[in-house]
Structures are given as structure tokens and as C-alpha cells.
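Participant: Make a model of this:
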Amino acid sequence: MTLPDLKAFVALAETGSINRASLRLGLTQPATTRRIQNFEASMPGSALLDRRVKPPVLTSLGRQVLAHCQRVLKAVAELEACATSGAEPAGELRIGVSPGLTEAVLTTPLDGLRSRFPGLRLRVISEWTTPLIRKVGAAELDCAIAFVTDHHTLPQTVSGSAIGVEALAVVAPRDFKLSPTGTRALRIRDLEAYGWVLSPAGCGYREALLRSFDRAGASCRMVADILGYELQLSLIARGTGLGLVPRRLIARSPLRSKVRVLRVADFKPEVRVMMLRGASLGNLGNAVDHLERQLSTAAGRKSLA
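Facilitator: Prediction:
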């Protein structure tokens, strides 16, 4: 097994085709194919690729081998960085972002990162916090900007630092009329009879709401599982149900005049915005530091939280 053969296998697995893998490696397709075949021959056991489908896909063993290969390449990059004293961060920086933060992260902060470190190649994915934590811990991502709640646990291989706090609001249609509750303050149990428009399972906001209903001994009825807060606000404004939306997004939405925020005495949800880092970043740590500073500055201006 050689490092070029390993790189060819990873390139195929990550790009999905020999043609794209060849372009990444700067090789001809036959040369790339030979390297992949050499790598497969060096691995005993079951096949790494299922060639019964076109293009070939990774088998279960292939997915396990890919994860190990990615860690090897990461370690090699760190070794090369250590050998180059004072070298600027370069190569691929893999960043995860929670839905709801993509606009805040992928605009000015990422532009600033590219400008400051032109040798970086950025690869960004958007997922819920739990899989982001897992992928940072498994070295599949270098860092992640994520909404973190009390029910999330960081493994020893992941460190986290706070960037800001996201305040959430219970949202109803503008003409929403609540059933009489007397003179007492509105509580979460009073909302049991109403349906909810929320992000799909895996969203930290949704989990916070469900736990609040559980503590109150009440049930939460879903009427729509929808990705995208503007679409959620549109459904809420039309009377589909109640929702849970970041306050900053309500303030910016063209639908803000068609919805109202409900004050719920026993439910004042906030989630932390955190930078999650892998255990060994090498000189990529400088780039992550730079991104974190930019995001912290934005949070201080209330554009993130």
C-alpha cells in the first residue's frame, strides 16, 4: 500500500467517479484506476467497492476503510505542517454548520477566511448538531459552528468554545386568539391544544420544545416538519400552527407583520452558538481561530445572536 494509492481511493470515494477523482489528482483516468486497484489489492477481506452498480459505491467495509484513510491523510498533512515552521494554513479545511447559521457563516466570515488564507480549500456541509459533533470527533470534519443545547455531550476528542447565544421565540399568526387562561401568565401547557410547525427531528430547537412539554406533563402535536425558517413563518402566518423561530430571523423577515411572538412564562429558550474543534488541527488551527474571531465579532454586533 502506498500513499498515492490511498489518496486515489479517497478521491474516488469522495467525488463519486473516476473522472472527478482523476481531475482532483491531476492524473489520467487509467492511472487513477490502477492506483485504486493497487489499493484494493493491498486490503484483504471483502470488496471495498460494489461494482454491480454504476458508478461503483462503497461497501460497508469500504466506508470503514475510508474513515481510516481520511484520518491517515489528515495526520500526514499535520506532519507536513509541523515540518514547515511558521507555514500558513493550507490545504483542505472541512467545516460543518448547523442549519440556521449557514447565512451568517457562509457570507462575510468565510469571505474573510479565504482572503486571509488563500492557500486554503474550503469544504462546507450543513447538518444538525449531533452528527456534526460525531463527525468532528471522528476527524471527518476539522471544525463546526453549531447550536449546542444542554442535551448535547462533547466527546474527549472535541473541544468547544462559545461564540454567542441564539434567542428563540414562540411564534403565532397575527390574529391568533388563545383560549382563556384567566389572569395568570401563559404557560407551555396552555399550548398543548395547538399544532406546531417545526424543523424535522434532529433540530436542537425542536428537542428543547419537546423537553419543555415533557416537563409540563403535556404533549406536543406536530402539523408540519419543514426545513427553512422563512417557509415555517409563511405557514405560521397562514394559520397552520405555532412555531419556534430565532428572534433575529423574525425581525428580518418580510412576514414579521403577519406573525406575533407569544410570551410563555415557563419557556424562554436559548441555545449556545459554539465553535467545535477536532483534537489535532495542526496549522489549520490558525484558520479556525480566525474564523471564530470573525464570528464572535459578528455575534457581538447581534447579527448572530
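Participant: for the chain, which spans come out with low pLDDT?
Facilitator: Applying pLDDT under 70 to the chain flags the ranges 78, 81-87, 179-184, 299-305.
Participant: can you give me the helices in it?
Facilitator: Using DSSP state H, the helices of the chain run over 3-15, 18-25, 29-42, 60-83, 102-106, 108-116, 129-137, 204-215, 229-237, 247-252, 284-300.
Participant: The longest strand along the chain to helix 284-300, inter-axis angle?
Facilitator: The residue-count maximum for a strand in the chain (DSSP state E) belongs to strand 159-173. Interaxial angle of strand 159-173 relative to helix 284-300 (axes from the mean of the first three to the mean of the last three CA atoms, to 10 degrees): 30 degrees.
Participant: Strand partners (parallel or antiparallel) of strand 159-173?
Facilitator: As defined by DSSP bridges, the strand partners of strand 159-173 come to strand 242-246 (antiparallel), strand 259-262 (antiparallel), strand 270-277 (antiparallel).
Participant: Quick check: can you list the domain ranges of this protein?
Facilitator: What automatic domain parsing lists as the domains of the chain is 1-83, 165-271.
Participant: Pick the most deeply packed of the strands paired with strand 159-173.
Facilitator: Comparing these by mean neighbour count (mean count of other CB atoms under 10 Å), strand 242-246 comes out on top with a mean of 23. Every residue, glycine included, has its C-beta placed from N, CA and C.
Participant: ok, back up a step: a markdown table please, covering the strands paired with strand 159-173 and showing distance to Leu120.
Facilitator: Formatted as a markdown table, the strands paired with strand 159-173 follow (distance: least, CB to CB, whole Å):
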| stretch | distance to Leu120 |
| --- | --- |
| strand 242-246 | 29 |
| strand 259-262 | 40 |
| strand 270-277 | 16 |
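Participant: Which one of these lies nearest to Gly137?
Facilitator: strand 270-277 (8.8 Å; CB to CB).
Participant: sorry, back to before: can you list the buried residues in the longest strand of the chain?
Facilitator: Residues of strand 159-173 classed as buried: 160, 163-164, 166, 168-173 (neighbour count, 16 or more other CB atoms under 10 Å).
Participant: Would you mind putting the residues you listed into a markdown table with distance to Gly217 alongside?
Facilitator: Output for the buried residues of strand 159-173, formatted as a markdown table (distance: CB to CB, whole Å):
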| residue | distance to Gly217 |
| --- | --- |
| Gly160 | 32 |
| Ile163 | 35 |
| Gly164 | 33 |
| Glu166 | 27 |
| Leu168 | 22 |
| Ala169 | 23 |
| Val170 | 19 |
| Val171 | 24 |
| Ala172 | 22 |
| Pro173 | 27 |
